[in-house]
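A.B. asks: need a 3D model of the sequence below.
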Amino acid sequence: QVQLVESGGGLVQAGGSLGLSCAASGNIFSINAMGWYRQAPGKERELVATVRSGGGSIYADSVEGRFTISRDNDKNTVSLQMNSLKPEDTAVYYCYADIVILTTMQRLYNNWGQGTQVTVSS
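C.D. replies: You can find the predicted model right below:
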């Protein structure tokens with residue numbers, strides 16, 4: 001009943017930039033937090049950045065100052081601009097959203113996109 005569709009990602013050299021976007025659609029009343037996680041091979045999924053509906057954002061220490069998260073509440077989208085990329089940023093990036101369902105007013109915390117690969121070559 002809720003879909004998160006990601007776009008962007010790809011292959012870039014170290015020091016380069018990439019942008020990710022994610023659009024939420026479906027039976028949505030409201031969205032609280034939206035953001036991005038990533039998972040590298042052999043590692044656990046980790047938070048990259050999150051932004052609340054009011055605009056406050058949190059970043060992982062490893063990306064602070066290099067990545068910027070932004071959100072359009074009217075379009076239910078969240079974007080991640082990644083600059084000064086490093087090989088250790090290589091991972092599958094997942095969009096997530098904390099959503100209140102329109103028809104039931106139920107709050108669902110774990111809504112995920114399908115993931116998009118980001119590869120940074122050295």
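A.B. asks: in this structure, which helix or strand is least confident?
C.D. replies: When the helices and strands of the chain are compared on mean pLDDT, DSSP states H and E, strand 107-112 comes out lowest with a mean of 90.
A.B. asks: partners of that strand in the sheet?
C.D. replies: The strands beside strand 107-112 in its sheet (DSSP bridges) come out as strand 91-101 (antiparallel).
A.B. asks: could you find the closest non-adjacent residue to the most centrally placed residue in the chain?
C.D. replies: Residue closest to the average C-alpha location in the chain (Cα atoms, centre = their mean): W36, at 2.5 Å. Leaving aside its chain neighbours, W36 sits nearest to V48 (4.3 Å; criterion: Cβ to Cβ, 6 or more residues apart in numbering). To be clear about C-beta, it is placed using only N, CA and C from the backbone, and glycine gets the same treatment.
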